[in-house]
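> whatever this is, show me its structure:
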Amino acid sequence: METASATPKMSTIRLLLALAVQHDLDIDLCDVECAFLNSGLVDSNGDPVEIFMEYPKGFERPGFVLQLQKSIYGLKSASCDWGHLLQSQLTLQGFSRSSFDACLFSKTHPDGRTQYVLPWVDDILMIGAPDLLAQTKAELSRFFTITGGGPAKQYLGMILTRDRAAGTLTLTNPSLCEKIARTADVLQERRQQSPMSFTRLSKRTHNITPAAHAAGPADLTLALPLKS
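Numbers count the residues shown, from 1 in each chain. So this is what the prediction gives:
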């Protein structure tokens, strides 16, 4: 029985965002409430699977167990079951799964326009024309409880800042940068220019020989300390 659920490649995410900017497409983000509770219990072939569990504490019934009718949070296969269910719903709507990335679904309409759907578990990134995205959200809302659905402002910890007039999209992740700085214990260190600015090194402070000092920084290899 499968337990792993695929997640999109970062290269796929960057490519889709670049396409959205290049073609001035909408970038919307939807969330499916209680996503795992929507899927049934099936194996990779679509055959039903029987799973039993003990009664929760406080509701014990000696001699009896519970048979799950649907997936629940905490079940090893929960994310995989949800992935299969969402894929089946998107396939019914005419989407095709990419052979490059198992999480990427695309649909080309008769008028030549293409839209993309990229789910990361219960967060669904949609890219395309506004009317096409509205249609897809309406179809999914028939089966799932969808929240959000507006322009993506945050995605996977990244902050998306878009200027459609200028045709730009900026991705920032300040929380990750701060976490890395705390892990490396350099949060309070002095900021450094990168690449290093042109500065003549001092033979007194850096123990540079007179000949090397005269040659200039182009001929020097020096690891400058980060700490003040």
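> low-confidence ranges, the chain, go.
Low-confidence regions of the chain, defined by pLDDT under 70, span residues 1-4, 44, 46, 187, 189-228.
> got the residue ranges for the strands in it?
Here the chain has its strands, by DSSP state E, at 26-32, 52-53, 66-67, 96-97, 105-108, 114-120, 123-128, 146-151, 154-155, 158-163, 168-172.
> how about those strands, which one is nearest K76?
Proximity to K76, assessed across the strands of the chain by CB to CB, is greatest for strand 52-53 (12.4 Å). The C-beta positions use only the backbone N, C-alpha and C, and glycine is treated the same way.
> starting at the chain centroid, how far to the closest one?
33 Å (CA atoms, centre = their mean, to the nearest Å).
> strand partners of that strand, parallel vs antiparallel please.
Partners of strand 52-53 in the sheet, by DSSP bridges, are strand 66-67 (antiparallel).
> quick one: the helices in this structure?
Taking DSSP state H as the test, the helices found in the chain are 10-22, 78-92, 130-141, 174-183, 203-206, 210-215.
> one step back: make TSV from the strands of the chain and add distance to V42 to it.
Formatted as TSV, those follow (distance: least, CB to CB, whole Å):
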stretch	distance to V42
strand 26-32	18
strand 52-53	16
strand 66-67	15
strand 96-97	18
strand 105-108	20
strand 114-120	18
strand 123-128	21
strand 146-151	23
strand 154-155	30
strand 158-163	34
strand 168-172	37
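> can you list these in CSV and add mean neighbour count?
Below are these laid out as CSV (neighbours: other CB atoms under 10 Å):
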stretch, mean neighbour count
strand 26-32, 20
strand 52-53, 10
strand 66-67, 11
strand 96-97, 13
strand 105-108, 18
strand 114-120, 21
strand 123-128, 23
strand 146-151, 13
strand 154-155, 14
strand 158-163, 14
strand 168-172, 13
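> from F143, how far off is the residue sitting nearest the centre point of the chain?
Centroid-nearest residue in the chain: L156, 4.3 Å away (criterion: CA atoms, centre = their mean). Using CB to CB, to the nearest Å, one gets 24 Å for the distance from L156 to F143.
> and C34, by the same measure?
13 Å.
> what about the two, which has more around it?
F143 (14 against 11; other CB atoms under 10 Å).
> wait, that one touches N38, no?
Yes. F143 is within contact range of N38, at 7.3 Å (criterion: CB atoms under 8 Å).
> which residue, other than its chain neighbours, is closest to F105?
F95 (4.0 Å; CB to CB, 6 or more residues apart in numbering).
> what number of residues are in the vicinity of that neighbour?
19.
> dump the residue contacts of it.
F105, S106, K107, V117 (CB atoms under 8 Å, 6 or more residues apart in numbering).
> repeat the analysis, applying 10 Å as the threshold.
Counting by CB atoms under 10 Å, 6 or more residues apart in numbering, F95 touches Q87, Q89, L104, F105, S106, K107, T108, Q115, Y116, V117, T136.
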